[in-house]
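Asker: Predicted model, plus sequence, below.
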Amino acid sequence: MWVRKRLDISWRDLLFAVTQCGWPGNSLSSWQKGGGAWCGADDVLPCLSVRSGFDLLLGALDFPPKSELLVSALTIPDMVRIAEDHGLVAVPVDLDLDTAGPSVESMRRAITPATRAVVVAHLFGGRTRIEPILDLARQHRLLVVEDCAQAFHGARYRGHPQADVSMFSFGSIKTATALGGGVLRVRDAELLRRMRDRQAAWPVQGRWNYLRRLLKYALLKVLSSRACFGLVVRTWAALGRDYDRLVNGSVRGFPGPDFFARIRRQPSAPLLTLLARRLEGYDEGRLSRRTSNGEVLASLLGETVACLGLAMNPHNYWVFPILAEEPERVIAGLRRAGFDATQGQSMCAVAPPPDRPEQAPRNAANALAKIVYLPNYPELPERAARKMAEVVLRTAEKPAFLNNGSPRAPQAPARPVSGSPAVEG
């Protein structure tokens, strides 16, 4: 069976990281020795995760209580959780389903005198065109934060030059993963200084903690091979267990209690050393192979099946989401054919504030209720991508199964809904 996602890291990089866990050194020097466009930039802040960086950012901004933060309606719940911990109100901006980006009109309606910033998420490996959002934000003097956690594109994109902050994630299933780590580009030097000062007061991630993480993902890398994963699925099914929960739970970024204590740590020296290595030496040919598979799927499915965010450009298809009227049946059909499709369990449609039900993100909530993620990564051969498209198209011939038009808006206000492959920031 083709697993839903493979770790984008080589055995050589894993072994390198393991050896670094026993090597003395401090975090800052480990990062600065990397050099290169990312590590050598004066406006870059490496963090334990994007969640950590976002927490640092909101703490340094110190907006008045009850200030409003406009957020892309599809995001991970922890981003809303962090905003609320800082006394802020997250207001969803509904999506344009073609670009999977925030709708400018929805953003215009959401702005109030209490609005202080907007967080624009680039989803699924593509980049939405944010110039209109930047223009509207400047009219209202709003800070613009660009969430590129799912949109790493190697050295070709290091954030929009007009965004105030750009955030990149290298968590476990991200492109060029370092099995942790985030990088923020902060254009305001004074804001960056305050963020650095706050992070310097945090405890440092234990290197043995990071070593355990490396060993855990080394095991997952073995189990994600085609032969091993099929055996795991069959064994788990024979035991009557939900392997979807097993897979998603195994890659959660910060499980268990004490969430804020876990994210409020400086990255360890081994993590920063590996992160610098990944950023400097990432094989962008992997992006090209994954993009090629995504383009094959888009060309075969796009005229018949609703593919979320297909109009994004550029797009490297970190994941490939389609919309199905009956997602469970689509997933079952794909799994019978040997493809581990999933609805995932880590993103949500952000609920509006109780006093602003008109901001309910109907497009986002409806899309998440129908979403199915198709496997796509460099190791997936083109013939497998074509076979997967054939399975989907056979399913699409059944009436009211797959919707090839705009998803219908639900009648009730949006509530958090599961979706997306397990994502770590």
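Answerer: That came through, no problem. As the structure is a computational prediction, the values presented were derived from the model and not from experiment.
Asker: so how far does stretch 220-227 reach from one end to the other?
Answerer: Terminal residues of stretch 220-227 are spaced 13 Å apart (C-alpha to C-alpha, to the nearest Å).
Asker: On the three-state scheme, P92 is what?
Answerer: Following DSSP: H, G, I helix; E, B strand; the rest coil, P92 is assigned to strand.
Asker: The residue nearest to Q205 when sequence neighbours are not counted: how many residues sit nearby?
Answerer: Spatial nearest neighbour of Q205, excluding adjacent residues (C-beta to C-beta, 6 or more residues apart in numbering): S268 at 4.2 Å. In short, each C-beta sits where N, CA and C put it, glycine included. Number of residues near S268 (other C-beta atoms under 10 Å) recorded here: 26.
Asker: What's the separation between S268 and W23?
Answerer: According to C-beta to C-beta, to the nearest Å, S268 and W23 sit 11 Å apart.
Asker: try T175
Answerer: Distance from T175 to W23, counting by C-beta to C-beta: 26 Å.
Asker: So for the two, which residue has more residues nearby?
Answerer: Higher neighbour count among T175 and W23: T175, with 24 against 11, using other C-beta under 10 Å.
Asker: I figured the more buried one hits R6, correct?
Answerer: No - proximity of T175 to R6 does not meet the contact threshold set by C-beta atoms under 8 Å, at 11.3 Å.
Asker: returning to that earlier point: wait, the residue nearest to Q205 touches R207, no?
Answerer: Yes - in this structure, S268 is within contact of R207 by C-beta under 8 Å, at 4.8 Å.
Asker: And the helices in the stretch 1-150 of the chain?
Answerer: Applying DSSP state H, counting those that start in this stretch to the stretch 1-150 of the chain gives helices spanning 11-20, 27-32, 36-39, 50-61, 77-85, 104-110, 131-139.
Asker: what's the answer for the stretch 301-425 of the chain, then?
Answerer: Assigned by DSSP H, counting those that start in this stretch, the stretch 301-425 of the chain shows helices spanning 327-336, 362-370, 382-396.
Asker: Indicate which one of those helices is closest to P92.
Answerer: helix 362-370 (7.1 Å; C-beta to C-beta).
Asker: Write down the beta-bridge partners of G182, one by one.
Answerer: Judged by DSSP bridges, the bridge partners of G182 are C47, S169.
Asker: likewise V119?
Answerer: V71, V145.
Asker: That one contacts L70, correct?
Answerer: Yes - taking C-beta under 8 Å as the definition, V119 is a contact partner of L70 at 6.9 Å.
Asker: Give me the more crowded residue out of these two.
Answerer: Neighbour count, other C-beta under 10 Å: between V119 and L70, L70 has more, with 28 against 23.
Asker: give me every residue that touches that one.
Answerer: 91-93, 102, 107, 110-111, 115, 117-119, 142 (C-beta atoms under 8 Å, 6 or more residues apart in numbering).
Asker: That one and P24, how far apart?
Answerer: For L70 relative to P24 (C-beta to C-beta), the value is 45 Å.
Asker: ok, how many other residues are close to P77?
Answerer: 13.
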